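> Need a 3D model of the following:
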Amino acid sequence: MKIIEDLTQNSPEWLDARKGKITGSKLKDIVVKRGTGKKLGFYELMADRLAIDTGEEDSMERGHALESEALDLLQETLKKPIERGLFCVSDKNPDIALSPDGLIKNDGKYTEAVEVKCLSTARHLQAYFEQEIPDDYYLQVIQYFIVNEDLETLYLTFYDPRVTIKPIHFIIVKRETITEDIATYEKYQEETLKEINDLLTNLAF
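Reported below is the predicted structural model:
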């Protein structure tokens, strides 16, 4: 065993010595007890190796600041104009709505949409390598298709300019791959809104 002496805990030197290494406190975030998938700690180590700060400073403000930048880059990639600043309401129920990051019109209909995520570097890398919709954003993706019945394709876009070798990437979500969930969660929202309306009506009397 090699000993590194004269390191004060939480000092810059101490933090630097731990970077990119599996320590006791990091082990629980890496070990997979069931299945074969990778845990977030795996990608945090990767971010460390890229010399990128993995701190969770990704506030809503940071996301908004980078969103426009990401949309500009995606627009160049897709070579299609992306409309922004729109608010969408379902034709079936005015209480079911969505604030899309961007919509793309084809033949007079908004058949494509963009949702931008500016996450931690570890999560940015995880999304790139796993190519799966993160669980905490899955329902948000579904809502795009519930509100917009013309929507065929969603570009779930990940942007982190700190990852200079791959600052932007996206997962293409097609309606036909999630039709059952679209129907399930649309029905759930309808039933929830009905219950709320019924309770409020009873309250009024």
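
> who's in contact with the top strand by length along the chain?
If you go by DSSP state E, the chain has its longest strand at strand 109-117. Here strand 109-117 makes contact (Cβ atoms under 8 Å, 6 or more residues apart in numbering) with 63, 66-67, 70-71, 74, 80, 82-83, 100-106, 127, 134, 137, 140-141, 144, 148, 150-159. (Each C-beta comes from the backbone N, C-alpha and C, glycine too.)

> how about that strand: buried residues?
Under the neighbour-count criterion of 16 or more other Cβ atoms under 10 Å, strand 109-117 has Tyr110, Thr111, Glu112, Ala113, Val114, Glu115, Val116, Lys117 buried.

> Restrict the next helix or strand after that strand to CA atoms and write it as CSV.
Using DSSP states H and E, the helix or strand that follows strand 109-117 in sequence is helix 121-130. Output of helix 121-130 as CSV, limited to C-alpha atoms (Å, rounded to 0.1, in the frame of the first residue of the first chain):
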residue,chain,number,x,y,z
THR,A,121,-21.3,15.9,-16.8
ALA,A,122,-21.8,12.4,-15.4
ARG,A,123,-25.4,12.3,-16.4
HIS,A,124,-24.5,13.9,-19.8
LEU,A,125,-22.1,11.0,-20.4
GLN,A,126,-24.5,8.4,-19.0
ALA,A,127,-27.2,9.5,-21.5
TYR,A,128,-24.7,9.4,-24.4
PHE,A,129,-23.4,5.9,-23.7
GLU,A,130,-26.7,4.3,-22.6
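
> List the buried residues of helix 121-130.
For helix 121-130, by 16+ other Cβ under 10 Å, it's Thr121, Ala122, Arg123, His124, Leu125, Gln126, Ala127, Tyr128.

> With stretch 100-107 instead?
Using 16+ other Cβ under 10 Å as the test for burial, stretch 100-107 gives Pro100, Asp101, Gly102, Leu103, Ile104.

> which residues touch Val141?
By Cβ under 8 Å, 6+ apart, the contact list for Val141 reads Glu115, Ile133, Leu154, Leu156, Val173, Ile178.

> out of those, which are inside strands?
Cross-referencing the contacts of Val141 against strands under DSSP E gives Glu115, Leu154, Leu156, Val173.

> So which of the residues you listed wins on neighbours?
Neighbour counts for the ones in strands among the contacts of Val141 were taken using other Cβ atoms under 10 Å; the highest belongs to Leu154, with 25 neighbours.

> Now do it, the pLDDT please.
In this model, Leu154 is scored at 97, pLDDT.

> so it touches Val173, yeah?
Yes. At 4.3 Å, Leu154 and Val173 qualify as touching, with contact defined as Cβ atoms under 8 Å.
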